[in-house]
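*Asks:* Fold the following, please.
(chains A and B)
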Amino acid sequence: MSMTLIQHYEVPAGSGLTSVTLSSIPQTHTDLLVLVSSRAGTGGGGGLDLYITFNGSSSGYSGRTLLGTGSTVASQTPGSSSIKIGQWINAATANTYGNASIYLPNYAGSQDKAVSADLVAENNGTLSREFISASSWANSSGISSITFEAELSYPIQQYSSFTIFGITAGSDGTTTVS
Amino acid sequence: MADPRPTKLIVDCSTGERTVVELTDEEIAEREAMAAQAEAERLAQEQAEADRLAAKASAEAKLAEIGLTADEIAAILS
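*Replies:* Alright, predicted model coming up:
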């Protein structure tokens, strides 16, 4: 197995970005691993969703999410226009960022795409957000771009970062830990 | 002064080129519609969960009325 950095982007000050798209992803790897450290918010209560879409498409998504809030646990079935990775906490402790890990096996194939993700929103308080989700994208195209967007298009805050790695199978044709 | 127009960023992974693009009126309208849909779905899920909890509480009360103990009710509903 080999792991190759494809792209890393960190949001600069004053950008006002409502979405970040990593495009022209090479189709030469076996799997993709995407790491996110980010925050967006309004300063109000509750949470703010983080969504991803592939190849600019707003259809064909399905999935199931388990979540914890610090006081309750629940499951959700998000809509079909995107994949919900999790939530940031609007009023989280200053300068803390949520982090997410997203794994896309066989992303360049023609089968429906599987998406495994988890997210934790950091907060020094009772209110918390932890998500784990299993999703899919019904599309025969390889994933060539990934777009990250906050609920209600709130700006993604400075220092948020998005990193994508290509995972390549070993010479025996399988992805194994060396 | 009006808020600056929202922007999106596209990072080309093959070249590293970064392009900031202002959202079009159509994109803004689409996002507002998606946000409204997401909010409606969220409210529907919350209502469904509230309805489920209310039904559970009602069932527990009815079981208690016919003489089941709290442990017996918990055993049935677990």
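
*Asks:* helices or strands next to the helix-or-strand element of chain A with minimal mean pLDDT in the packing?
*Replies:* For chain A, the helix or strand with the lowest mean confidence is strand A:83-89, at a mean of 79 (criterion: mean pLDDT, DSSP states H and E). When contacts are defined as 3 or more CB pairs under 8 Å, 6 or more residues apart in numbering or on different chains; DSSP states H and E, strand A:83-89 packs onto strand A:47-54, strand A:61-68, strand A:98-105, strand A:113-121, strand A:129-137. C-betas here are computed from N, CA, C, even on glycine.

*Asks:* Just checking: what are the partner strands of it?
*Replies:* strand A:47-54 (antiparallel) (DSSP bridges).

*Asks:* Could you export the strand it pairs with as CSV, CA atoms only?
*Replies:* Backbone C-alpha positions of strand A:47-54 (Å, rounded to 0.1, in the frame of the first residue of the first chain) are rendered in CSV as follows:
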residue,chain,number,x,y,z
GLY,A,47,-25.3,22.6,15.0
LEU,A,48,-24.5,23.5,11.5
ASP,A,49,-24.3,20.7,8.9
LEU,A,50,-21.3,19.9,6.7
TYR,A,51,-22.2,18.4,3.3
ILE,A,52,-20.2,16.9,0.5
THR,A,53,-21.1,16.3,-3.1
PHE,A,54,-19.2,14.6,-6.0
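
*Asks:* That strand: how far from the chain's middle?
*Replies:* 7 Å (CA atoms, centre = their mean, to the nearest Å).

*Asks:* Quick check: mean pLDDT of that strand?
*Replies:* For strand A:47-54, mean pLDDT rounds to 84.

*Asks:* Spit out the contact partners of residue 73.
*Replies:* I went with chain A, as the question did not name one. Applying CB atoms under 8 Å, 6 or more residues apart in numbering or on different chains to residue A:73 gives the contacts A:66, A:67.

*Asks:* Actually, chain B is the one I wanted.
*Replies:* Going by CB under 8 Å, 6+ apart, residue B:73 touches B:60, B:63, B:64.

*Asks:* Closest to chain A out of the residues you listed?
*Replies:* Each of these was scored against chain A by CB to the nearest CB, and residue B:60 proved nearest at 18.3 Å.

*Asks:* Quick one: name whatever helix or strand follows the helix or strand of chain B with the lowest mean pLDDT.
*Replies:* Across the helices and strands of chain B, mean pLDDT, DSSP H and E gives its lowest value to helix B:25-65, namely a mean of 83. Downstream of helix B:25-65, the first helix or strand assigned by DSSP states H and E is helix B:70-77.

*Asks:* how much distance is there from that next one to the middle of the chain?
*Replies:* 31 Å.

*Asks:* Show me which residues of chain A are close to chain B?
*Replies:* By CB under 8 Å from any CB of the partner chain, the residues of chain A that approach chain B are A:6-7, A:9, A:11, A:15-26, A:49, A:58, A:74, A:76-79, A:81-82, A:151-153, A:155, A:164.

*Asks:* give me that answer again for 7 Å
*Replies:* A:6-7, A:9, A:16-26, A:49, A:74, A:76, A:79, A:81, A:151-153, A:164 (CB under 7 Å from any CB of the partner chain).
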